[in-house]
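please find the sequence and the predicted model below.
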Amino acid sequence: MTGLFAGGVSCAAVQGGLLTGLITRQRAHATTPSSGRSPRQSVLATLGEDLTPVGGFLAGKLLAYTVLGALLGALGSVVQLSVGARTWLQIGAGVLIIVLGLAQLGVPGFRGIVIEPPASWASFVRGRARSRQAFAPALLGVATVLIPCGVTLSVEALALASGAAVQGAAIMAVFVVGTSPLFAVLGYAARKAASVWNNRLAVATGIVVVALGLFTLNGGLELAGSPWAASRIGSNIGLSAAAADTTAATITDGKQQVVITASSAGYSPKNVQIKAGIPTILILRASRDAGCTRTFTIPSRGEEKTLPATGDTRLDLGALTPGTLPYVCGMGMYTGTLTIV
């Protein structure tokens, strides 16, 4: 979603212009169809000429960013980023996306913010776009890794925070796939779009970018245990929280066990009532489709567990004091609370 709504738009000023230039040159140098071709064959030939550089560009871009994501993920696994470091990375990424969205909307104080590469890099990359062959667009796509936009930088931070080469590669690859439709449209038809539609598109996507930035920022706030996180704002202003589940905790032989299920829909139950002063074991039960809920984090204790694809994981919490103990997934998307009485 970030690639589809934010990535393509924020990078379009540089990379989209390069791709458009390729298509324009291809059309400018296109040969006249031979008299032996039927009208249908002529249309297909022209379409093929337009799509060949687009496909080459996107393939090269996908390859370069996937390799970059793998390197960043591998670096993250060596560095072993703490929960706190990943929290600040996500907060920073959210703030950056919001700033870019406000700049796109033309908000005073933000409209002049532009992230650009050094002029020498841009000149070098543009110089590779002169060839009509498919190989040149592919090289151009690879070279765009030298011209990152702000949203790309934030996704690279997420790849670094993943701490795994495969996951880092997947993050960057899916992000690039998300940007591909807009890049293809820019390369093929942006020069025909009316200026009034371009302005409306900028406003609409600017709003989406800001919303995505707020979503990313909130994930960081959830990981930080901030009172300004969405899951805590209601209780902090006096609104009543959902009733706590009293059936998920059982006491046997003086020990308390709490079962929480992690799935793609979040954690269940989201609010569990347990007793204070009793040694407590938290049993995290993961399903195969758990997604990011497999990374279980208790921000206030600095604890994090990566759950297996299926099965139970035990976490010893000790004897807890009255209060609340919030928990969250590794990306701050899904939350829950242990209510201790």
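Arrived safely.

helices along the stretch 51-200 of the chain, start to end?
In the stretch 51-200 of the chain, the segments counted as helices under DSSP state H, counting those that start in this stretch are 83-104, 119-127, 135-143, 150-162, 165-189, 195-224.

identify each buried residue in the fifth one, please.
Buried residues in helix 165-189, counted by 16 or more other CB atoms under 10 Å: 165, 167-173, 175-180, 182-184, 186-188. The C-beta positions use only the backbone N, C-alpha and C, and glycine is treated the same way.

and it, what other elements does it pack with?
helix 8-11, helix 17-28, helix 39-79, helix 150-162 (3 or more CB pairs under 8 Å, 6 or more residues apart in numbering; DSSP states H and E).

report the rounded mean pLDDT for it.
For helix 165-189, mean pLDDT rounds to 82.

tell me the angle that helix makes with helix 150-162.
160 degrees (axes from the mean of the first three to the mean of the last three CA atoms, to 10 degrees).

helix 165-189 to helix 135-143, inter-axis angle?
130 degrees.

going forward, count from 54.
All right, first residue 54 from here; so that's helix 218-242.

if we can go back for a sec, mean pLDDT for the helices and strands packed on helix 218-242: which is lowest?
Of all these, the minimum mean pLDDT falls on helix 70-81 (a mean of 51).

returning to what we had before: need the helices of the stretch 104-253 of the chain in JSON lines (columns: distance to residue 128).
Output for these, formatted as JSON lines (distance: least, CB to CB, whole Å):
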{"stretch": "helix 136-157", "distance to residue 128": "13"}
{"stretch": "helix 172-180", "distance to residue 128": "22"}
{"stretch": "helix 188-196", "distance to residue 128": "20"}
{"stretch": "helix 203-215", "distance to residue 128": "6"}
{"stretch": "helix 218-242", "distance to residue 128": "8"}
{"stretch": "helix 248-277", "distance to residue 128": "20"}
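
highest mean neighbour count out of those helices?
helix 203-215 (a mean of 24; mean count of other CB atoms under 10 Å).

which elements pack onto it?
If contacts are counted by 3+ CB pairs under 8 Å, 6+ apart, helix 203-215 sits against helix 61-64, helix 92-132, helix 136-157, helix 218-242.
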